[in-house]
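# What follows is a predicted protein model with its sequence.
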Amino acid sequence: MAVRIMEVVPNSSADKAGIQSGETLVSMNGKEIYDVLDYRFHETNRHLTLVLRNDKGEERTVELQKRQYDSIGLEFSSYLMDEKHSCRNKCIFCFIDQMPPGMRDTLYFKDDDSRLSFLFGNYITLTNLTEREVQRIIDMRISPVNISVHTTNPELRVKMMKNRFAGKVLDILPRLAKAGIQLNCQLVLCPGINDGEELRRTLTDLEALMPSLQSVAAVPIGLTKYRDGLEQISPYTKEGAAEVIDIIDTFGDRLEKEYGQRIMYAADEFYLKAERPIPMPEYYGDFSQIESGVGSMACLEEEFTFALEDCAEENGFDIAPRTITVATGLAAKDFIRKLLDEAERNCHNLNCNVIGIVNYFFGETITVAGLVTGGDLIAQLKGKALGDALLIPEVMLRHEQDVFLDDISVEEVERELGVPVRIVANEGQSLLDAVLGR
């Protein structure tokens, strides 16, 4: 598969060698280039032999020398050099299948691309991988790879993912582990389906992948009100969530004794559902699964506490009277309230309101902040005295930080509520700065 060059960076090695935009890159050092991983891997060589093809189909060979880790200077039509690989599964827990109609097209795309796993930390199911791609991961030592496992029972995995190949690809896991590829695994748990004894089986099988196994995160299924025609699944109860934590801790305790790290963790949401305190920060080691919601609350609380201490030592809390409102999901409301109570105790001119937003857009069983929409914010906050600013976590917004999932912009929310909106990163110092108006 050849790829078309869209741009040549001025004064780069490619530019000095006379390579032109519009030419097609056929191969590098005799190796065909399929995508960005092939290109980046071979680009590290000091000496390169490139075969190029023009629009007439004529080929030429270009030799160039460079420092080993310098870029050649070629740009392509997309970062991956081809289309993203979409997911072919129909998982019973898939959130995309539970979204309302009429949202922007990008929200319905199911990503299952091994290249994005390595480059950006995306999770993949392994069902899309060809043998060539598996061997490439091993040969190029592409690591770590983030894998959506869910269960190691082949028959159950087929049933849960509704893909007849879903069970067979589990053979790939030990191959990658044997080759020394680091593995981060995620389990989306569904009550009565892949928890309980099935969870014990999965964790036992994953433990066998040590020391290549870097982490395992168990997260609860998210259930919206748009499940017509989908398998009936109930949300986790307090007792069910507690059982998940206990099972995972049994394995984590043993792994910590043997390897010095727990490796296996339950997401914060399980602790909230079980009404158990979030573990201390040291429980989570290096927070390897924080993007999956594992330890994010413990990390935020620790950072916020340190930020308060630093503020007290440096300049105190001498601010003008200030009232702010924090809007978050129902799950985190009490946790955020606890942090801001401490801020108020340190700063007598500060008044903080915390409002948990009910998710009417996706359904009231959805309680995480990252799925709160602009419409729900406006509907539930309009007419309320919000103070000097409304603080919202950045996870409510898409990557560009300009619109919510329902395509309502930050500016619309500000206009409707008549208050400045401040977007806050999930980091303790950022939260304190926003609260204090710094």
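Great, that's in hand. Numbers count the residues shown, from 1 in each chain.

# Name the nearest residue to residue 298, sequence neighbours excluded.
Closest residue in space to residue 298, ignoring its immediate chain neighbours: residue 281 at 4.7 Å, by Cβ to Cβ, 6 or more residues apart in numbering. Every residue, glycine included, has its C-beta placed from N, CA and C.

# and the gap between that neighbour and residue 304?
As judged by Cβ to Cβ, to the nearest Å, residue 281 and residue 304 stand 12 Å apart.

# quick one, which of these two is more surrounded?
Set residue 281 next to residue 304 and count neighbours by other Cβ atoms under 10 Å: residue 304 wins out with 23 against 17.

# now the more buried one, what's its secondary structure?
helix (DSSP: H, G, I helix; E, B strand; the rest coil).

# got it, and the one 3 residues further on?
Following three-state DSSP, we place residue 307 in the helix state.

# That one contacts residue 429, doesn't it?
Yes - if you go by Cβ atoms under 8 Å, residue 307 and residue 429 touch, sitting 4.5 Å apart.

# These two - which one has more neighbours?
Taking residue 307 and residue 429 together and counting by other Cβ under 10 Å, residue 307 has the greater number of neighbours (20 against 16).

# before we move on, back to that, quick one, what contacts the residue nearest to residue 298?
Applying Cβ atoms under 8 Å, 6 or more residues apart in numbering to residue 281 gives the contacts 295, 298-299, 301-302.

# Would you list the phi and psi of it?
Backbone dihedrals for residue 281, given as degrees, to the nearest 10, come out at phi -50, psi -40.

# Give me the distance from stretch 291-303 to the chain's centre.
Distance of stretch 291-303 from the chain centroid (Cα atoms, centre = their mean, to the nearest Å) equals 14 Å.

# any idea how far residue 132 is from residue 172?
For residue 172, the distance to residue 132 under the criterion Cβ to Cβ works out to 13 Å.

# which of those two has more neighbours?
When residue 172 is set against residue 132 and neighbours are counted by other Cβ under 10 Å, the residue ahead is residue 172, at 20 against 9.

# residue ranges of the strands in this protein, please?
Using DSSP state E, the strands of the chain run over residues 3-8, 24-28, 31-32, 47-53, 59-65, 74-76, 145-148, 183-189, 213-220, 264-266, 322-329, 350-357, 389-393, 421-424.

# Tell me the helices and strands packed up against the third one.
Contact partners of strand 31-32 among helices and strands, from 3 or more Cβ pairs under 8 Å, 6 or more residues apart in numbering; DSSP states H and E: helix 36-43.

# what's the angle from the helix it packs on to strand 47-53?
130 degrees (axes from the mean of the first three to the mean of the last three Cα atoms, to 10 degrees).

# ok now helix 36-43, how far from the chain's centre?
24 Å.

# Could you do stretch 63-79 as well?
Here the centre of stretch 63-79 is set off from its chain's centre by 29 Å, with Cα atoms, centre = their mean.

# Give the buried residues for it.
64, 66, 72-74, 76 (16 or more other Cβ atoms under 10 Å).

# For residue 275, state which of those is nearest.
Taking Cβ to Cβ as the measure, residue 275 sits nearest to residue 76 out of the buried residues of stretch 63-79, at 51.2 Å.

# For residue 51, give its distance to residue 44.
Applying Cβ to Cβ, one obtains 18 Å for the distance of residue 51 from residue 44.

# the more surrounded of these two?
With neighbours defined as other Cβ under 10 Å, residue 51 and residue 44 compare such that residue 51 has more, 18 against 12.

# pLDDT value on the nearest residue in space to the more buried one that is not next to it in sequence, please?
Once flanking residues are discounted, residue 51 sits nearest to residue 26: 4.2 Å by Cβ to Cβ, 6+ apart. The model reports residue 26 with a pLDDT of 86.
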